[in-house]
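J.: Can you look at this prediction? I've put the sequence above it.
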2 protein chains.
Amino acid sequence: MPVELTPSQALGLWHSVSLAQVRVDSRDLTLRQLAILLHVYLVPPPHTVRGLAATLGVTKPVITRALDTMGALGLVDRVRDDRDRRNVIIKRTVEGALYLEKLGDLIILQGRHLSL
Amino acid sequence: MPVELTPSQALGLWHSVSLAQVRVDSRDLTLRQLAILLHVYLVPPPHTVRGLAATLGVTKPVITRALDTMGALGLVDRVRDDRDRRNVIIKRTVEGALYLEKLGDLIILQGRHLSL
DNA sequence: GCGGATCGTTACGCAAGCGTTTCTTTCGTC
DNA sequence: GACGAAAGAAACGCTTGCGTAACGATCCGC
């Protein structure tokens, strides 16, 4: 079942969620980092650096750096692929799942408060 | 009328929109910048640096810098307040309106494509 | 096993954002 | 008019992200 939004609702939703997120979260992930995080958690594994780079349309170092940052925050983890030891598999973490769960709650809450 | 979303829909929407935005827009605004932009365009004027800082819960230089950046991109404009020349009024631009219009279209489109 | 291709990382110089502090202009009050 | 308060900008040192290019490790076909 699709979600039908008016232009006002769409931007209003983005507005209220962004605002709440800025106020709540000092980490201030970039849009790229957030896209990576969501992709890792919403799309079936395995996820590799190369795959993410292709998906986002960015270069590999961008992914490496984003994983460095989010890894330090505990939002993702990296493990060598034993079947092809050139690959690195990006793993989910409990903390990362919690982070996205809170974001989801925020979106739902703000969506519910939309009026127009 | 509120917008009711399931957790999967909420995060799925954020995922697909973030992904599309990263692929389309090389400007890569930060979450703070986007929040400012949305606030300026969705909330009735006038908007001042101080007011935005209070709304976002950040310091004034953060707002000044964000306005510098987005001003250079043509997304917002700054005008001195003639009634109190200490204030700066943040003005909307055609280009900024167009930018947000495209973002809104993207959100609507991705919302429509949500399945679960 | 050797040579080329592939994967992820690191190095480099650069641009942009951060928080704190200081400065300049303007206001309001005495 | 003088003076403290307020708004926004600029300065400072620091951190983080960027794109390009180079680098080690690993795989695979011969």
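T.: Nice, thanks for sending it over. Worth saying up front: this structure is predicted, and the values here are computed from it rather than measured. Numbering: from 1, shown residues only, chains lettered A, B, ... in the order given.

J.: in the biggest helix by length in chain A, what's buried?
T.: Ordering each helix of chain A by length in residues (DSSP state H) puts helix A:94-113 first. Buried residues in helix A:94-113, defined by neighbour count with 16 or more other CB atoms under 10 Å in any protein chain shown: A:Gly96, A:Tyr99, A:Leu100, A:Leu103, A:Gly104, A:Leu106, A:Ile107, A:Ile108, A:Gln110, A:Gly111. Where you see a C-beta, it was placed from the backbone N, CA and C, and this is true even at glycine.

J.: Also stretch A:46-54?
T.: Neighbour-count burial for stretch A:46-54, with 16+ other CB under 10 Å as criterion, is recorded at A:His47, A:Thr48, A:Val49, A:Leu52, A:Ala53.

J.: Touching that stretch from outside, list them.
T.: Stretch A:46-54 is contacted by residues A:36, A:39-40, A:59-60, A:62-64, A:67, A:81, A:87-90 when judged by CB atoms under 8 Å, 6 or more residues apart in numbering or on different chains.

J.: Just the residues you listed: which are in strands?
T.: A:Val88, A:Ile89, A:Ile90 (DSSP state E).

J.: These, buried ones only, as a ChimeraX selection?
T.: Listed next is the ChimeraX selection for buried residues among these, using 16+ other CB under 10 Å:
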select /A:88,89,90
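
J.: Need the ones in strands among the contacts of stretch A:46-54 in a markdown table (columns: distance to A:Val22 and pLDDT).
T.: Formatted as a markdown table, the ones in strands among the contacts of stretch A:46-54 follow (distance: CB to CB, whole Å; pLDDT from 0 to 100):
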| residue | distance to A:Val22 | pLDDT |
| --- | --- | --- |
| A:Val88 | 31 | 95 |
| A:Ile89 | 32 | 96 |
| A:Ile90 | 26 | 96 |
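
J.: where are the low-confidence patches of chain A?
T.: Within chain A, the segments meeting pLDDT under 70 span A:1, A:115-116.

J.: Which one (most neighbours) among the contacts of stretch A:46-54?
T.: The most crowded member of the contacts of stretch A:46-54, judged by other CB atoms under 10 Å in any protein chain shown, is A:Ile36 (30 neighbours).

J.: Can you give me the neighbour number for the residue nearest to it when sequence neighbours are not counted?
T.: Nearest non-adjacent residue to A:Ile36, counting by CB to CB, 6 or more residues apart in numbering or on different chains: A:Ala66, 5.2 Å away. Using other CB under 10 Å, A:Ala66 has 23 other residues around it.

J.: try the one 5 residues further on
T.: For A:Gly71, the tally of surrounding residues (other CB under 10 Å) stands at 16.

J.: Check which helix or strand it maps to.
T.: Applying DSSP states H and E as the criterion places A:Gly71 in helix A:60-72.

J.: Show me what the longest helix of chain A is packed up against.
T.: helix A:7-24, helix A:31-42, helix B:7-24 (3 or more CB pairs under 8 Å, 6 or more residues apart in numbering or on different chains; DSSP states H and E).

J.: Ranking those by mean neighbour count, which comes first?
T.: Mean neighbour count (mean count of other CB atoms under 10 Å in any protein chain shown) peaks for helix A:31-42 among the helices and strands packed on helix A:94-113, with a mean of 22.
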